[in-house]
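> coords please:
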Amino acid sequence: MITISNHQIHRLDTRPSEIILRLKSLKGKCILTVDDTPWIRERYTKENVFYIMENNVFYSSADADNRRHVTELIITNFNPNEGKKHIDSRQGTLDF
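The predicted model follows:
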């Protein structure tokens, strides 16, 4: 089961099309991270509701053959740059 805010999506509903419908209906903010695939990009882009950012990630593993750099997508239903405030690392605050 995946928990999204106060909503729960059960295993039978984890198809990407069902997740998109649930995320579109949320009243609050959501952040989804997912593997970068053409199919995912196409689906979330055509909805014209989501903001998509790339995030380069290093998958580490005890098995050296499984270590690799990949691109994941961070998908939000809000503009993460809107109202962005200065981040002061001394205070440890980040305001969305």
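> what stretches of this protein score poorly on pLDDT?
For the chain, the stretches flagged by pLDDT under 70 are 1-14, 83-96.
> and the residue nearest the centre of the chain, what element?
In the chain, the centroid-proximal residue (Cα atoms, centre = their mean) is L32; its distance is 2.2 Å. Assigned by DSSP states H and E, L32 belongs to strand 31-35.
> Helix or strand next in line after that strand, which one?
Scanning forward in sequence from strand 31-35 by DSSP H and E, the next helix or strand is helix 38-46.
> In the helix or strand following that following helix, which residues are buried?
For helix 38-46, the following helix or strand on the C-terminal side (DSSP H and E) is strand 51-59. Of all the residues in strand 51-59, not one is buried under the rule 16 or more other Cβ atoms under 10 Å. The way it works is simple: take the backbone N, C-alpha and C, and place the C-beta from them, glycine included.
> Mind giving me the packing neighbours of the strand holding L32?
Packing partners of strand 31-35 (3 or more Cβ pairs under 8 Å, 6 or more residues apart in numbering; DSSP states H and E): strand 68-76.
> so the residue nearest to the centre of the chain sits right up against T76, yeah?
Yes - contact between L32 and T76 holds when scored by Cβ atoms under 8 Å: they sit 7.5 Å apart.
> what's the first-to-last distance across stretch 50-66?
By Cα to Cα, to the nearest Å, the extent of stretch 50-66 from end to end equals 31 Å.
> List of residues touching the strand holding L32?
Residues from elsewhere that reach strand 31-35 (Cβ atoms under 8 Å, 6 or more residues apart in numbering): 19, 23, 40, 55, 70, 72-76.
> Enumerate the beta-bridge partners assigned to the closest residue in space to E54 that isn't next to it in sequence.
Leaving aside its sequence neighbours, E54 sits nearest to T71 (Cβ to Cβ, 6 or more residues apart in numbering; 5.4 Å). Taking DSSP bridges, one obtains N56 as the residues bridged to T71.
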